[in-house]
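**Q** Following is a predicted model, sequence given first.
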Amino acid sequence: MGLDLRDLGVGAAMFWAFALFLWLALIYCGFGVLIFLSTSRDVDIAHGGWLIAIVATQSLAILGAAVAMNFPALGPGVFILAYMQWGLGLIL
């Protein structure tokens, strides 16, 4: 967000794309491990990992909305993706 505020939109978009890739990989792997590898019935999976997932999702939505304004051609698609991430953060 700081890069975008300093008119370095391309750098902010590159960091946002990299963070989006890492977010997808970590959310997929993290929740896959919690769901499929916990064989015990009384596993306590409510811990700080959920809060980190929520905050990461919401921060990507905020940065995506800020970055979308710098790219008019990709702006609507990025806004839709940011809105979807915001909704997913609410669900989490």
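**A** That came through, no problem. Just so you know, these numbers come straight off a predicted model, no measurement behind them.

**Q** remind me which residues of the chain are low pLDDT?
**A** Using pLDDT under 70 as the threshold, the predicted model of the chain has low-confidence ranges 1-7, 38-47.

**Q** The residue nearest the centre of the chain - nearest residue in space that isn't next to it in sequence?
**A** Averaging the C-alpha coordinates of the chain gives a centre point, and the residue nearest to it by C-alpha atoms, centre = their mean is residue 57 (3.4 Å). The shortest distance from residue 57 to any residue that is not its chain neighbour, by C-beta to C-beta, 6 or more residues apart in numbering, is 3.8 Å, and that residue is residue 89. Quick note: C-beta positions are derived from backbone N, CA and C, even for glycine.

**Q** related to what we said a few turns ago, ok, the residue nearest to the centre of the chain - contacts?
**A** By C-beta atoms under 8 Å, 6 or more residues apart in numbering, the residues touching residue 57 are 23, 27, 85-86, 88-89, 92.

**Q** before we move on, which element is it in?
**A** helix 48-68 (DSSP states H and E).

**Q** Only the buried residues of the following helix or strand past that helix, if you could.
**A** Going down the chain from helix 48-68, the next helix or strand is helix 75-91, by DSSP H and E. By neighbour count on 16 or more other C-beta atoms under 10 Å, the buried set for helix 75-91 is 78-79, 81-82, 85-86, 88-89.
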